[in-house]
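1. based on what follows, work out the 3D shape:
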Amino acid sequence: MEPRAALGELLLAVDHVGIAVADLDAGIAFWTRTLGLRLAHREENPDQQVAEAMLRAGDGGTQVQLLSPTDPGSTVARFLERHGPGLQQLALTVSDVVAAAAVLRDQGLQVLYPEPRPGTAGALINFVHPRDTGGVLLELVQPPEHPGTARPVSYS
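-> Below is the predicted model:
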């Protein structure tokens, strides 16, 4: 099977856009009060050193993730230092994050982690380096098989 076809079979949808913010509460207030999105989920991810909130619009198919650093050495903290608040990543839903990462590695792209890591609400995630994607940090998201079982909270 051709690599592009194999990856195409694994891609399901745009999952969310991630926006780096210095103050998560202020970010949530802006996106909910001013723009009318709904807070769907909030948690801290110690592995990624962020506090995060998932916001939804309309029927819930459109999602915006706000990311605020919990450690000054985190990736999101460094992003804020270099670029200020703003679009930090584009996330794609995949059916199998391990297989998607393998296809991209086979095409010569730098996948950041050798194995997937825990993401929001029990998802498995990995990232593709922005230098290989035209400057966009690309997140691969495999939703949990049974939402709410892998972590104490889930999308709602």
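2. bridging across strands, which residues link to residue 51?
-> Following DSSP bridges, residue 51 is listed with bridge partners residue 44, residue 68.
3. so what's it up against?
-> When contacts are counted by CB atoms under 8 Å, 6 or more residues apart in numbering, residue 51 touches 24, 42-45, 67-70. Quick note: C-beta positions are derived from backbone N, CA and C, even for glycine.
4. let's see 7 Å
-> Residue 51 sits next to 24, 44, 68, 70 when contact means CB atoms under 7 Å, 6 or more residues apart in numbering.
5. residue 143 now?
-> Counted by CB under 7 Å, 6+ apart, residue 143 has contacts 93, 123.
6. quickly note the distance from it to residue 68.
-> The gap separating residue 143 from residue 68 is 23 Å, by CB to CB, to the nearest Å.
7. ok but residue 104 is inside a strand, no?
-> No. Assignment of residue 104 by DSSP: H, G, I helix; E, B strand; the rest coil gives helix, placing it outside any strand.
8. can you count the residues close to it?
-> Here the neighbour count serves as a burial measure; for residue 104 (other CB atoms under 10 Å) it reads 21.
9. helices of the protein, start to end?
-> Chain-ordered helices for the chain, with DSSP state H as the definition, fall at 3-10, 24-29, 75-83, 97-106.
10. now the third one: buried residues?
-> Taking 16 or more other CB atoms under 10 Å as the basis for neighbour counts, the residues of helix 75-83 that come out buried are 75-77, 79-80.
11. mind checking how far that helix is from the chain centre?
-> On the basis of CA atoms, centre = their mean, to the nearest Å, helix 75-83 sits 16 Å off its chain's mean C-alpha point.
12. which residues sit against that helix?
-> Contacts of helix 75-83 with the rest of the structure, by CB under 7 Å, 6+ apart, involve 20, 22, 50, 67, 69, 71, 88.
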